[in-house]
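J.: Got a predicted structure here, sequence first:
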Amino acid sequence: MKLQHLLVILGITLTSTACSNWIYRIDVPQGNFLDQRDVEKLRVGMTKEQVIYVLGNPVVQDSFDDDTWYYVYDMKRGMEKRGEDFQKQMVINFVDNKVTTVEGDFELSEDFNTPLDN
């Protein structure tokens, strides 16, 4: 009798784990999705308002330093077959309300160091 119960439990366990790939799980994106074309529009000397127009509001503004903005995008995949989890980030530093440096996972355009004024 105990052997029968053990076999039933073992059978249910094996069949339930085999069906785990049938369950649909959604991807969970969080943060600012930045398109490479928008990032290439950034130029040194842009104001904060111009950056917001091009990229949108940052996810995080440093509480102690208003001149550092963080754009972070995090993708948690619901299922392995759709790819791996990833994170992209970009940090923009301002001096006197103007962009001075941009660091992160995106390529800047060749014209980044050419201000818009020229």
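T.: The structure has been received and is ready for your questions. Numbers count the residues shown, from 1 in each chain.
J.: how near is residue 56 to residue 110?
T.: Counting by Cβ to Cβ, to the nearest Å, the gap from residue 56 to residue 110 is 24 Å. All C-beta spots, glycine's among them, are computed from the backbone N, C-alpha and C.
J.: Those two - which one has more neighbours?
T.: Remark: of residue 56 and residue 110, residue 56 carries more neighbours, 13 against 8, as counted by other Cβ atoms under 10 Å.
J.: which residues touch residue 42?
T.: With Cβ atoms under 8 Å, 6 or more residues apart in numbering as the criterion, the residues that contact residue 42 are 51, 54-55, 92, 99, 102, 108-109, 112.
J.: Show me which helix runs longest in the chain.
T.: Ranked by residue count and defined by DSSP state H, the top helix of the chain is helix 2-18.
J.: tally of neighbours for the closest residue to residue 106 other than its chain neighbours?
T.: Using Cβ to Cβ, 6 or more residues apart in numbering and skipping the chain neighbours, the partner closest in space to residue 106 is residue 39 (4.4 Å). Close neighbours of residue 39, defined as other Cβ under 10 Å, add up to 20.
J.: residue nearest the centroid of this structure?
T.: residue 73 (1.4 Å; Cα atoms, centre = their mean).
J.: Remind me what the helix or strand that residue falls within packs against, helices and strands.
T.: When elements are assigned from DSSP states H and E, residue 73 belongs to strand 68-76. Secondary structure elements in contact with strand 68-76, counted by 3 or more Cβ pairs under 8 Å, 6 or more residues apart in numbering; DSSP states H and E, are strand 28-31, strand 60-61, strand 86-95.
J.: what helices or strands is the first one leaning on?
T.: Under the contact criterion of 3+ Cβ pairs under 8 Å, 6+ apart, strand 28-31 touches strand 68-76.
J.: which residues touch the strand it packs on?
T.: Residues from elsewhere that reach strand 68-76 (Cβ under 8 Å, 6+ apart): 27-34, 51, 55, 58-62, 85-94, 104.
J.: for stretch 84-91, same thing?
T.: 34, 39, 68-77, 102-106.
J.: Could I get the buried residue list for stretch 57-65?
T.: Buried residues in stretch 57-65, counting neighbours by 16 or more other Cβ atoms under 10 Å, are found at residue 58.
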